[in-house]
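Enquirer: Sequence and predicted structure below; questions after.
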Amino acid sequence: MNSIVVKAIRSDKIYKKIMEAPIEKKDDIYRYELMQPFEKKWAVYHCPLKAKQPNGYDVVMASGMLGYLPPQKIDASSKESITLLGNDDFWNRCQNSIEKSFDCFLEAGFDLPIKEYLFTIVLADPKSPYSIMSNNYSGDGGIPGYIFGSLVPSEYTMYRLPAALAHETNHNVRFQFEKWTNDITLGAYMISEGLAENFATSIYGEEMLGPWVAKTDEQTLNEYIKPLMKDALNAQGFENISAYMYGDELAKMQNFFPVGLPYCAGYACGYYLIKYYLKKTGKSIVEATLTSSQEILNETEEFWNEETIYSE
């Protein structure tokens with residue numbers, strides 16, 4: 001078996017340093033100690049560690065846009081969050097989640113091209129709409145080799161974050177085989193999210209279903225979301241699919257057109273589409289993760305015409 005290495009960047013120690021630093025030093029500590037190990041990830045988004053012009057686009061500005069706590073806000077009021085974030089058992093559970101997730105693929109005989117992975121946990125801004133709508137925790141694993149978790153530390157979020165990291169690890173695997181493109185279709189994007197959340201619940205159980213799925217009720221899914229999603233499966237480009245995936249409120253925050261959908265409609269629809277696919281084909285979630293989006297769409301045409309039943 002080809003082994004892989006997962007390394008943590010312990011953000012709690014860096015946040016403590018930022019908290020204690022004078023205000024003019026905070027941004028650079030954040031840039032060069034916490035984010036520099038992830039420079040290649042940021043480069044995919046054409047985001048430099050430091051902008052050439054004052055107040056230009058860089059990792060500090062981008063972090064704020066993503067709902068992470070900006071370094072300028074990390075002061076004495078952040079002490080409790082940083083202390084909670086420093087829990088060694090929490091970091092061990094996060095690392096174990098990522099390693100266990102990769103092992104699912106290695107044990108099934110899949111050879112992952114990338115052998116070394118970095119992850120960290122960043123503080124989410126409790127006042128950000130992204131944080132509020134996702135119950136104060138989320139993740140980012142779309143660039144293979146790098147995994148972020150983000151949270152406002154609490155007993156609830158620290159308990160649930162490892163499941164979100166399993167979701168992100170699934171993305172890390174899938175996007176090594178089915179490459180992400182900026183003109184991704186809504187159908188492909190929805191499938192990738194559905195695979196990731198089914199993978200997370202296959203390990204942690206449906207009680208750990210993320211709010212990006214759990215907030216959608218059965219009637220809304222069947223009567224409202226599915227018809228709109230079905231008609232837009234071939235839409236391409238983030239500006240055209242964002243509202244379908246994230247819902248109108250988040251789309252409008254990103255200056256994209258609303259389409260009449262609630263929070264993370266595409267995530268919920270993708271989750272139940274993949275459940276349907278797994279039941280119909282008998283495939284494991286590991287096999288499905290490495291199945292092309294088009295093949296999955298071809299096998300799930302009946303999904304759009306049937307009511308999705310939540311409980312088996």
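Expert: Done, it's in.

Enquirer: Mind jotting down where the helices sit in the stretch 101-250 of the chain?
Expert: Assigned by DSSP state H, counting those that start in this stretch, the helices in the stretch 101-250 of the chain fall at 129-133, 155-177, 186-204, 211-214, 218-220, 226-230, 238-246, 248-253.

Enquirer: now those as TSV including mean pLDDT, mean neighbour count and distance to Ala268?
Expert: Every C-beta, even on glycine, is put in place using the N, C-alpha and C of the backbone. Listed next are the helices of the stretch 101-250 of the chain as TSV, based on pLDDT from 0 to 100; neighbours: other CB atoms under 10 Å; distance: least, CB to CB, whole Å:
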stretch	mean pLDDT	mean neighbour count	distance to Ala268
helix 129-133	92	17	13
helix 155-177	97	22	14
helix 186-204	98	24	9
helix 211-214	96	21	5
helix 218-220	92	13	8
helix 226-230	95	18	10
helix 238-246	91	21	10
helix 248-253	87	17	14
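
Enquirer: Could you point out which of those sits nearest Pro113?
Expert: helix 155-177 (5.3 Å; CB to CB).

Enquirer: Confirm for me that Ile147 is in contact with Ile98.
Expert: Yes - when contacts are counted by CB atoms under 8 Å, Ile147 is listed as touching Ile98 (6.3 Å).

Enquirer: Between the two, point out the one with more neighbours.
Expert: Using other CB atoms under 10 Å, the more surrounded residue of Ile147 and Ile98 is Ile147, with 29 against 23.

Enquirer: Kindly point out which residues are neighbours of both of Ile147 and Ile98.
Expert: Residues touching both Ile147 and Ile98 (CB atoms under 8 Å, 6 or more residues apart in numbering) are 117, 119, 165, 169.

Enquirer: if we can go back for a sec, to Cys269, which of the helices of the stretch 101-250 of the chain lies closest?
Expert: Closest among the helices of the stretch 101-250 of the chain, once you apply CB to CB, is helix 226-230, at 5.0 Å.

Enquirer: Point out where the protein drops to low pLDDT.
Expert: Scanning the chain for pLDDT under 70 picks out 1-2, 308-312.

Enquirer: now the helices of the stretch 101-250 of the chain in JSON lines, with distance to Cys269?
Expert: Shown next, in JSON lines, are these (distance: least, CB to CB, whole Å):
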{"stretch": "helix 129-133", "distance to Cys269": "17"}
{"stretch": "helix 155-177", "distance to Cys269": "16"}
{"stretch": "helix 186-204", "distance to Cys269": "6"}
{"stretch": "helix 211-214", "distance to Cys269": "9"}
{"stretch": "helix 218-220", "distance to Cys269": "10"}
{"stretch": "helix 226-230", "distance to Cys269": "5"}
{"stretch": "helix 238-246", "distance to Cys269": "9"}
{"stretch": "helix 248-253", "distance to Cys269": "15"}
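
Enquirer: Which one, of the ones you listed, ends up nearest to Trp91?
Expert: helix 155-177 (10.1 Å).

Enquirer: related to what we said a few turns ago, among the helices of the stretch 101-250 of the chain, which is nearest Ile274?
Expert: Nearest of the helices of the stretch 101-250 of the chain to Ile274, taken as CB to CB: helix 186-204 at 3.7 Å.

Enquirer: tilt between that closest one and helix 155-177?
Expert: 130 degrees (axes from the mean of the first three to the mean of the last three CA atoms, to 10 degrees).

Enquirer: what packs against helix 186-204?
Expert: Taking 3 or more CB pairs under 8 Å, 6 or more residues apart in numbering; DSSP states H and E as contact, the helices and strands that helix 186-204 lies on are helix 88-107, helix 155-177, helix 211-214, helix 238-246, helix 265-281, helix 285-289, helix 293-299.

Enquirer: Please repeat the previous calculation with a cut-off of 10 Å.
Expert: In terms of contacts (3 or more CB pairs under 10 Å, 6 or more residues apart in numbering; DSSP states H and E), helix 186-204 is packed against helix 88-107, helix 155-177, helix 211-214, helix 226-230, helix 238-246, helix 265-281, helix 285-289, helix 293-299.
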